[in-house]
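>>> Could you work out the structure for the sequence below:
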Amino acid sequence: MKISECYYQKNAKEFFQDTIQVDMSSLRERFLTHVPLRGCILDAGCGSGRDAKAFIEASFQVTAFDAAPALAKLAQVYFGQVVDVLTFNQITYEKEFDAVWACASLLHVPNKSLPKVFLKLFRALKSGGVMYVSFKYGSGEVEHNGRRFTNMNEGDFSRLLEGIGVFKLMDTWVSNDRRPDRDDEKWFNALLISTGDVCRSA
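A predicted model of the protein is given here:
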């Protein structure tokens, strides 16, 4: 188990309590504008299950996974649906989803591994599917309080997408952290749409 997965496994209850009530409704609404009514959403790295529950209550079909077994168990109880225990490298979905929601989850993937993971998520999407991603705003990779983060900014993200070649960038924006006393932390958000087919293996 990698460093960030170990953190969430050991601190699952605390993380669950700290994030379950965070109001992410404005981000979800911006994302759902591009998702067909009652469409299929993959919550990739679902954490507490907060967003998966909101999507289900809005009549969308949701598949969720998380890499930390303890956190996946808490999320499963919270929104009453099976949460698969998977890392991004383990997913094998093929054209199953109208949309992917990767909220504050891809930021734990090393920068060198992001192209491979993005291709796996592309393969999970139906043609023209949409994906939301968010990273801590900045540049480079850092380790903080037992977790490692890949930060992202506009330039780094554009270069990442150019190297992958299967997503069209729809929108990016920077937002404040929604948790109390974290207003000084910024997040990089992006909406993407899948294009074409992948010829290389992921």
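>>> okay, which residue is most central for the chain?
By CA atoms, centre = their mean, the chain has its centre lying nearest to residue 102, at 1.3 Å.
>>> And residue 92, how close does it get to residue 187?
According to CB to CB, to the nearest Å, residue 92 and residue 187 sit 29 Å apart. Heads up, the C-betas are built off the backbone N, CA and C, glycines and all.
>>> Could you do residue 89 as well?
Counting by CB to CB, the separation of residue 89 from residue 187 is 24 Å.
>>> More neighbours: which of the two?
residue 187 (19 against 12; other CB atoms under 10 Å).
>>> Helix or strand for the more buried one, just tell me which one.
If you go by DSSP states H and E, residue 187 is part of strand 186-194.
>>> Pairing partners for that strand, with directions?
Strand pairing for strand 186-194, determined by DSSP bridges: strand 125-136 (antiparallel), strand 167-176 (antiparallel).
>>> What's opposite the residue nearest to the centre of the chain in the beta bridge?
Per DSSP bridges, the residues bridged to residue 102 are residue 133.
>>> which residues touch it?
Counting by CB atoms under 8 Å, 6 or more residues apart in numbering, residue 102 touches 44, 45, 121, 131, 132, 133, 134.
>>> I figured the last one hits residue 103, correct?
So the one you mean is residue 134. Yes. With contact defined as CB atoms under 8 Å, residue 134 and residue 103 form a contacting pair (5.4 Å).
>>> what touches both of these two?
Common contacts of residue 134 and residue 103 (CB under 8 Å, 6+ apart): residue 27.
>>> What lies in contact with stretch 17-35?
Contact with stretch 17-35 is made by 41, 47-51, 54-55, 58, 60, 78, 98-99, 101, 103, 130, 132, 134, 170, 175, 178-179, 189, 191, 193, as judged by CB under 8 Å, 6+ apart.
>>> Throw together a PyMOL command that grabs the buried residues out of the residues you listed.
Buried residues within these, by 16 or more other CB atoms under 10 Å, are selected in PyMOL with:
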select buried, resi 41+47+48+49+50+51+54+55+60+78+98+99+101+103+130+132+134+178+189+191
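>>> what's in contact with the helix or strand bottoming out on mean pLDDT in the chain?
One helix or strand of the chain scores below all others by mean pLDDT, DSSP states H and E: helix 3-10, with a mean of 77. Under the criterion CB under 8 Å, 6+ apart, residues 1, 15, 47, 66-71, 87, 108, 143, 145-148 lie in contact with helix 3-10.
>>> Tell me which two of the residues you listed sit farthest apart.
Pairwise distances across the contacts of helix 3-10 (CB to CB) peak at 22.4 Å, for the pair 69 and 143.
>>> neighbour count winner among the two?
Taking residue 69 and residue 143 together and counting by other CB under 10 Å, residue 69 has the greater number of neighbours (15 against 10).
>>> Tell me if I'm right that that one and residue 87 touch.
No. Judged on CB under 8 Å, residue 69 makes no contact with residue 87 at a distance of 11.5 Å.
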